[in-house]
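K.L.:
coordinates for the following, if possible.
(one chain, ligands or ions: 1)
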Amino acid sequence: MLIGVIADDFTGASDIANTLARGHGASPGLHVVQYLGVPDRPAEPSVQAGVVALKSRSIPADRAVAQSLAALDWLLAQGCRQVVFKYCSTFDSTPQGNIGPVAMALADRLGARGVVVCPAFPTMGRTIYQGHLFVGDRLLSESGMQDHPLTPMTDPDLRRWLGRQGTGPVGLVPLCVVRQGAAAIRAALEASDATLVVTDATSDEDLMAIGAALAGARLVTGGSGIALGLAQNLDVAGPGVAAPRRTAPGPGVVLAGSCSGMTRRQIEHHRAAHPVIEIDVPAVMAGTLTPEAVARQLLALVAQAPLAFSSGSPEQVARMQAEYGREAVAARLDGFFGDLARALVAAGVTRLVVAGGETSGAVVSALAPGALEVGAEIDPGVPVLRPAMTEDDLRAELVRLAASLFQRGFSVGTAGNISVALPDGWLMTPTNSSLGHLDAGRISKLDRDWSHVGGDRPSKEVFLHRAFYETRPGTGAVVHLHSTHATALSCLVAQDPEDCVPPLTPYVVMRVGRVPLLDYVPPGDPAMGDLIRARGGRNAAVLLANHGPVVAGRDLLSAVHAAEELEETARLAILLRGLPVRLLSPDQVAELERRFGGVSR
Ligand SMILES: O=C(O)[C@@H](O)C(=O)COP(=O)(O)O
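P.N.:
Numbering: from 1, shown residues only. Here you go, the predicted model:
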């Protein structure tokens, strides 16, 4: 793991996860996994950025600090070189906490000084000028955030606000310095006496310059925008094009627990055409209203896309908090929404729309505890999140995909081998096994030191797989086939051994990239690993001379898809041999790499 993020709520976590997964300009998209709370096991080796979603925004500061330090310890144990403390772009915090105390505790633990504080997110209208935070053309304290029931932001000067939270003097890198570029920003941060330094930014270009200035910084703090420019400092290739979005069919229900003015306006908008049920918070607190009862009401109306909400006006929320205590109301409502979501899904609801960072976190934790894979962006700042697979899921997926390759003729007899990364090692197809007839329980398991610890004896090509994982960060699976056309290409004398698969179509550029032809080595010879290592992780795919293709991907499905794409391109290349072929030009290839993220580097 290269970058670790500690986020103070769930939706904020998915927002920065999305920024890191999508990439921006010179920053490649990374393989990102979002964790619900501090995980109790190691991350998969293929994860390049791990985002730990806490619920620490409005809890007492000492607990927020303790949770954030626990998240820091876990991220450091995963090998993170840079840690980002992510908070909201409206700097949601009270005069007592939590941004200041958490940032100071993290800086202290990491021995960091001149730590950037930059919640700017220009795409959403959040900009910082002379240390003051704006929302659109209003100062933060006039944006409506001054009335937020949990974190009323009554002062737009971030230095003063942090000072109230006990951080000591806070520095400033003004916009005129930011506009001088990365070197000037770095010099200003290094020259500052303060631990925390508010840094102005009003555009994405400013954030890219700040990102470049933060190469090597152990700690960074900010909104999701601060992640725009961080990956440009890493020597990594993007993990490839994210899977396309698929929407689930079936009945849908909306749940709203947010207290923001926007959510309350959205509820009123929904009410015009759909049934809306208000959750009676005092009845929830008294235990007389149960999630099952609300689920029954919603299910009776499910054909009309009903909505249930607990959002009150600031005055209503303040009354509830005064009567029951702020934390007690929040905890009870989180539990209520989690149980309600479980009851709805158990009854056949397939689509839940949830409003509110805390409520979303509670619902996702109830339905899919653990880790979430970050996929394609569906709206600005909003990625697709999928529950990460367990080892049993991966075994089943490996058997299914291998059989599919076999049935479609991509592998015959016992040719080919496949591996996939686990948090504690690797799964690998056993030697002399047919990809068409794998047994999930007998798949070989290797530990993190590549020792065989379970299942049948692994493929003799362990060296080849291992070399990819060790030289190409972000690799989650490797597929080696003897598929006919790619193997045929590997037997031809290549015109250019650095680039032996022609760029015939956009897809081969996007999924496979540049493919070198490696010298012949007998199967199972460790020298094969050396040849792959010598590529320094530059290629996602290689052809082994007189043997066949090997393809690495961010996960099993991407690696299989890329192996199929390579085979089809090899087939086209052979079909077109001797004909006047029009290849994609270097400019067209470069344009595809710019738009979709290159897989070679
Ligand atoms: O060519 C070979 O022998 C290997 O590359 C191969 O495809 C199968 O080897 P095992 O995975 O050891 O069965």
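
K.L.:
for the host helix or strand of Glu591, name the packing helices and strands.
P.N.:
If you go by DSSP states H and E, Glu591 is part of helix 586-596. Contact partners of helix 586-596 among helices and strands, from 3 or more C-beta pairs under 8 Å, 6 or more residues apart in numbering; DSSP states H and E: helix 506-511. For the C-beta atoms, the positions are set from N, CA and C on the backbone; glycine is no exception.

K.L.:
all the strands of the stretch 101-250 of the chain, residue numbers only.
P.N.:
115-118, 126-129, 132-135, 138-139, 171-173, 196-199, 219-222 (DSSP state E, counting those that start in this stretch).

K.L.:
bridging residues for the residue positioned nearest the centre of the chain?
P.N.:
In the chain, the residue lying closest to the centroid (C-alpha atoms, centre = their mean) is Val32, at 3.0 Å. Beta-bridge pairing for Val32 (DSSP bridges): Ala49.

K.L.:
is it in contact with Ala17, as I believe?
P.N.:
Yes. Using C-beta atoms under 8 Å, Val32 is in contact with Ala17, at 4.8 Å.

K.L.:
against the ligand, how distant is the nearest residue to Val515 once chain neighbours are set aside?
P.N.:
Distances taken as C-beta to C-beta, 6 or more residues apart in numbering place Val501 nearest to Val515, at 4.2 Å, with adjacent residues excluded. In this structure, Val501 and the ligand are 19 Å apart, going by C-beta to the nearest ligand atom, to the nearest Å.

K.L.:
repeat that for Arg594.
P.N.:
Arg594 is 35 Å from the ligand, by C-beta to the nearest ligand atom.

K.L.:
repeat that for Ser404.
P.N.:
Ser404 is 17 Å from the ligand, by C-beta to the nearest ligand atom.

K.L.:
is the residue lying closest to that residue once chain neighbours are set aside in a helix, a strand, or coil?
P.N.:
In space, Ser404 comes closest to Val560 once its chain neighbours are excluded; the distance is 7.9 Å by C-beta to C-beta, 6+ apart. Per DSSP: H, G, I helix; E, B strand; the rest coil, the secondary structure class of Val560 is helix.

K.L.:
roughly how far does Val560 sit from Ile128?
P.N.:
Distance of Val560 to Ile128, computed by C-beta to C-beta, to the nearest Å: 45 Å.

K.L.:
ok, those two, which is more surrounded?
P.N.:
Set Val560 next to Ile128 and count neighbours by other C-beta atoms under 10 Å: Ile128 wins out with 32 against 23.

K.L.:
what residues are up against Ser141?
P.N.:
By C-beta atoms under 8 Å, 6 or more residues apart in numbering, the residues touching Ser141 are 153-156.

K.L.:
could you do Ala182 as well?
P.N.:
Going by C-beta under 8 Å, 6+ apart, Ala182 touches 209-210, 212-213.

K.L.:
could you redo the last one with a cut-off of 10 Å?
P.N.:
208-215, 229, 232-233 (C-beta atoms under 10 Å, 6 or more residues apart in numbering).

K.L.:
how about whatever helix or strand Ser360 lives in: buried residues?
P.N.:
Ser360 is part of helix 357-367 when elements are defined by DSSP H and E. Neighbour-count burial for helix 357-367, counted by 16 or more other C-beta atoms under 10 Å, picks out 357-366.

K.L.:
so which elements touch that helix?
P.N.:
helix 10-22, strand 32-36, strand 49-53, strand 252-256, helix 326-346, strand 351-355, strand 382-387 (3 or more C-beta pairs under 10 Å, 6 or more residues apart in numbering; DSSP states H and E).

K.L.:
tell me which parts of the stretch 401-550 of the chain are close to the ligand?
P.N.:
Proximity of the stretch 401-550 of the chain to the ligand, by C-beta under 6 Å from any ligand atom, involves residues 414-417, 429, 431-432, 459-461, 480, 482, 523.

K.L.:
sorry, back to before: the residue nearest to Val515 contacts Arg511, doesn't it?
P.N.:
No. Assessed by C-beta atoms under 10 Å, Val501 is found out of contact with Arg511, at 11.4 Å.

K.L.:
which neighbours do those two share?
P.N.:
541, 565-566, 569.

K.L.:
all helices for the stretch 101-250 of the chain, in order.
P.N.:
Counting by DSSP state H, counting those that start in this stretch, the segments of the stretch 101-250 of the chain that form helices are 158-164, 175-178, 182-191, 204-213.

K.L.:
what packs against the last one?
P.N.:
Looking back up the chat, that one is helix 204-213. Counting by 3+ C-beta pairs under 10 Å, 6+ apart, the packing neighbours recorded for helix 204-213 are strand 115-118, helix 175-178, helix 182-191, strand 196-199, strand 219-222.

K.L.:
for these, which one sits closest to the ligand?
P.N.:
For the helices and strands packed on helix 204-213, the distance to the ligand is smallest for strand 219-222, at 43.6 Å, taking C-beta to the nearest ligand atom.

K.L.:
starting from the closest one, tell me which strands it pairs with and how they run.
P.N.:
Within its sheet, strand 219-222 is paired with strand 82-86 (parallel), strand 115-118 (parallel), according to DSSP bridges.

K.L.:
run the chain-centre distance for it.
P.N.:
Strand 219-222 sits 17 Å away from the centroid of its parent chain (C-alpha atoms, centre = their mean, to the nearest Å).

K.L.:
could you list the low-pLDDT ranges of the stretch 451-600 of the chain?
P.N.:
For the stretch 451-600 of the chain, the stretches with pLDDT under 70 are 597-598, 600.

K.L.:
likewise for the stretch 301-450 of the chain?
P.N.:
Confidence mapping of the stretch 301-450 of the chain against pLDDT under 70 gives the ranges 312, 314.

K.L.:
circling back to that earlier point, just the buried ones from the contacts of Ala182?
P.N.:
Among the contacts of Ala182, those classed as buried by 16+ other C-beta under 10 Å are 208-214, 229, 232-233.

K.L.:
distance to Phe406 and pLDDT added to those residues, as JSON lines?
P.N.:
Output for these, formatted as JSON lines (distance: C-beta to C-beta, whole Å; pLDDT from 0 to 100):
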{"residue": "Met208", "distance to Phe406": "46", "pLDDT": "96"}
{"residue": "Ala209", "distance to Phe406": "51", "pLDDT": "97"}
{"residue": "Ile210", "distance to Phe406": "50", "pLDDT": "97"}
{"residue": "Gly211", "distance to Phe406": "45", "pLDDT": "96"}
{"residue": "Ala212", "distance to Phe406": "47", "pLDDT": "96"}
{"residue": "Ala213", "distance to Phe406": "51", "pLDDT": "97"}
{"residue": "Leu214", "distance to Phe406": "48", "pLDDT": "97"}
{"residue": "Gly229", "distance to Phe406": "45", "pLDDT": "92"}
{"residue": "Gln232", "distance to Phe406": "41", "pLDDT": "88"}
{"residue": "Asn233", "distance to Phe406": "42", "pLDDT": "90"}
